[in-house]
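>>> Quick one, fold the following:
(one chain, ligands or ions: 2)
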Amino acid sequence: MSPSPTFPISSPVHGSGPSRSQFTYRHLNLLASYSTSSPLRVVAHIDLDAFYAQCEMVRLGTAEDQPLAVQQWNGLIAVNYPAREFGIGRHCTVADAKKLCPQLISQHVATWKEGDEKWAYHDDAASHIETHKVSLDPYRLESRKIFSLIKDSLPPNLQRVEKASIDEVFLDLSAQVHSILLQRFPDLASPPPYDDPTENLPAPPITALDWKADALVDLNDADAEADDPDWDDVAILIGSEIVRDIRAEIRRTLRYTCSAGVASNKMLSKLGSGHKKPNQQTVIRNRAVHHFLSDMKFTKIRNLGGKLGDQVVSTFNTESVRELLLVPVEQMKLKLGDDTGFWLYNTIRGIDSSEVNSRTQIKSMLSAKSFRPSINDSDQAIKWLRIFTADIFSRLVEEGVLENRRRPKTINLHHRHDSQTRSRSSTIPQGKILDEPTLFNLAKTLLKQIMSDGKVWPCANLSLSVGGFEDGVSGNMGIGAFLLRGDEARSSNLTPKEDSADSSACEPPGKKRRVDNLSIQRFFPKRETCLRREGEVEERDTRGEEQQQRDDTRGDPGSDSQVRRAPITDHQCPRCSTEFENAEALQNHLDWHMAKDLQDEERGKTTFANLSAVPRDQKRAPASSSKKQSRGGTRKLEHGQSKLKFG
Ligand code: DCP
Ligand code: MG
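Ligands and ions are numbered 1, 2, ... in the order given. Here you go, the predicted model:
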């Protein structure tokens, strides 16, 4: 059922009699089945605070109030909250940050060093951008631990958890909340009067709810606060208790703080988690949605921060939700196309019926490097291919490739020379356990094929990816069974949604189809128009990479080869050429560029584009991890790191 284009039902409603809820038995039943059309739905979004910075704080054992930032080359990619109090943000260079806070610990991310066998924390990484490649493995490992803990905290048969990026998850708590509601209020389990599910529920036997330390979004109307709670308030309170317990467990067991939003859908819960940070949770009750959104700039809403948001601002000449609420749906459809107009109309009313998708299996893996200066021969390229294959293979091992639980079917190499991108793909031979030398040899073969196409040096970017993951077999099943399972897995990948009825009704239209030429897709520029800014670092927005790992690879490239200027995907960032597998990932990334530009403009700081001009000898504080490694000697393996063999 499509949601009606109004605000979600606000509780309580009068008129059904003083002892009846505005909600019906049907609404309650829908809650048990995760239906996106239940007005009692409860969705939470949990986002780690200053995630990479917290990973480093935990790893290094620093004091909680010690300002710390995570450095990538000469820029910062994560800043903890004590450091933010000094005005330090991602827009700062390391040198600027140190001026603001001399006691700042600026920890460089781990890197793979050209020719090395494993990633490590290198003291001198910042001055070796040409020979090092960033490794996000330390953060991926912590992310996995947190994700597992969240899943373990929830009842196995009543959980729906979607990993949205390296440090955020959505939880659809509806079924669990339903079960708790029935335990706490056994009357709700009685059949409806006259066996009619459209009968209203009895009103909750409570007149006030204890929100503990939650940040409650204010209501517009003081009277509304005085109204008794209805079941949607009770449901969201139960959801909030669940989230509070999860956050406490993450803190107790793994020492990380996170923030959360609890609301009736994904869009609102995500706005909630960012509303008050760090270490807080915000509840947006249905009755508060109108007030919460009306005061907001719509450009803060997911998918409206980038070009689409700009387009809406210039079309309707406002940034305010309050003013946009006055625009009729027909006018929005006329100006933006049917899909986008309808989506926008619903979104600013807090309506979002997108599902929490618990599919968490990785669909592709990418390892890439932009070269500055460019590399000039195959020996150099092969050294990088060795790192890429080691990087990818270590992730494959975690996916269970050695036990044949999951394995990729295709390998792709992209190569950029001037503005020309060449790519080659091949099928990974099946039938035997995939090992690293096989992967490395395949990558070298692809490079040879690309080199035979003509002038390929100097090369500015190489990226290796594997995709088309299939479930393998274990035990004594034969290869035939394995292939059959693979086909099944592939066909099931084509229809990942568990419930197609209304699952994507409120997703941005670009994610669904491309029939509408005024759809959200047109805001995403094609590769031909792409210009890379000098000195920008492709690896910087790591959320894109994480996203890319989770998403499906497109099509089955088989063993085709292409020399082209056309886009590798339709979702390449026009600013830094990072590629994304879907519109949403790209949009998030564009939002980040825009936010950074605004910050840069406002503060007149050095932009990342100018970072290459920052002298190499700009020193950062000695990394606190230095005691963990000896230069040139055998390095101790970092926690969670395994030594890799090379072919
Ligand atoms: N990240 C990055 N580049 C960006 C944005 C993020 O490398 N442009 C990385 C570093 C972050 C992590 O992703 O620690 C998570 O991103 P968030 O946007 O959630 O930011 P933080 O977790 O650092 O801070 P917050 O407390 O605001 O969530
Ligand atoms: Mg975060």
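>>> quick one: buried residues of the host helix or strand of residue 28?
Per DSSP states H and E, residue 28 falls inside helix 25-32. Along helix 25-32, these residues count as buried under the neighbour rule (16 or more other CB atoms under 10 Å): 25-28, 30-32. Quick note: C-beta positions are derived from backbone N, CA and C, even for glycine.
>>> Run through who's touching it.
With contact meaning CB atoms under 8 Å, 6 or more residues apart in numbering, helix 25-32 is reached by 37-42, 174-175, 177-179, 181, 188, 192, 196-199, 201, 231, 235.
>>> just checking, what's the longest helix in this structure?
Ordering each helix of the chain by length in residues (DSSP state H) puts helix 231-254 first.
>>> Let me know the angle separating it from helix 25-32.
20 degrees (axes from the mean of the first three to the mean of the last three CA atoms, to 10 degrees).
>>> quick one on the thing from earlier: buried among the contacts of helix 25-32? Make that a ChimeraX selection.
Filtering the contacts of helix 25-32 down to the buried ones (16+ other CB under 10 Å) takes a single ChimeraX command:
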select :38,39,40,41,42,174,175,177,178,179,181,188,192,199,201,231,235
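>>> so of the contacts of helix 25-32, which ones are in helices?
For the contacts of helix 25-32, secondary structure assignment (DSSP H) places 174-175, 177-179, 181, 231, 235 in helices.
>>> Residue 431 falls within a helix, correct?
No - under the criterion used here (DSSP: H, G, I helix; E, B strand; the rest coil), residue 431 is coil, not part of a helix.
>>> Give me the phi and psi angles of it.
phi 100, psi -20 (degrees, to the nearest 10).
>>> on that earlier part again, what mean pLDDT does the helix holding residue 28 have?
In this model, helix 25-32 carries a mean pLDDT of 97.
>>> What pairs with the next helix or strand after it, parallel or antiparallel?
Remark: after helix 25-32, the chain's next helix or strand is strand 43-48, criterion DSSP H and E. Using DSSP bridges, the strands paired with strand 43-48 are strand 168-172 (antiparallel), strand 258-263 (antiparallel).
>>> residues making contact with strand 43-48?
54, 146, 150, 164, 167-174, 239, 242-243, 246-247, 256-266, 268-270, 272-274, 277, 356.
>>> one more time with 7 Å
Applying CB atoms under 7 Å, 6 or more residues apart in numbering, the contact partners of strand 43-48 are 54, 146, 167-173, 239, 243, 256, 258-266, 269-270, 272-274, 356.
>>> For the longest strand anywhere in the chain, list every residue counted as buried.
Secondary structure of the chain per DSSP state E: the longest strand is strand 364-375. Using 16+ other CB under 10 Å as the test for burial, strand 364-375 gives 364-372, 374-375.
>>> just curious, which of those residues is nearest to residue 79?
Each of those was checked against residue 79 using CB to CB; the closest is residue 370, at 23.7 Å.
>>> Any stretches of the stretch 151-300 of the chain with poor pLDDT?
Within the stretch 151-300 of the chain, the ranges that satisfy pLDDT under 70 run 221-226.
>>> Domain map for this protein?
51-142, 295-357, 364-471, 479-620 (automatic domain parsing).
>>> Going by mean pLDDT, which of those comes out lowest?
Looking at these, the bottom one is domain 479-620 with a mean of 38.
>>> follow-up on the earlier one: can you tell me the strand partners of the longest strand of the chain and which way each runs?
strand 459-467 (antiparallel).
>>> CA atoms of the strand it pairs with as CSV?
Written as CSV, here are the backbone C-alpha positions of strand 459-467 (Å, rounded to 0.1, in the frame of the first residue of the first chain):
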residue,chain,number,x,y,z
CYS,A,459,49.1,5.7,-16.0
ALA,A,460,47.2,7.9,-13.5
ASN,A,461,45.0,5.3,-11.9
LEU,A,462,44.7,1.5,-11.6
SER,A,463,41.8,-0.3,-10.0
LEU,A,464,41.3,-3.9,-9.5
SER,A,465,37.9,-5.4,-8.5
VAL,A,466,36.3,-8.7,-8.1
GLY,A,467,32.6,-9.3,-8.3
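>>> And the helix or strand following it, what does it pack against?
Next along the chain after strand 459-467, taking DSSP H and E as the criterion, comes strand 470-471. Secondary-structure packing of strand 470-471 (3 or more CB pairs under 7 Å, 6 or more residues apart in numbering; DSSP states H and E): helix 479-494.
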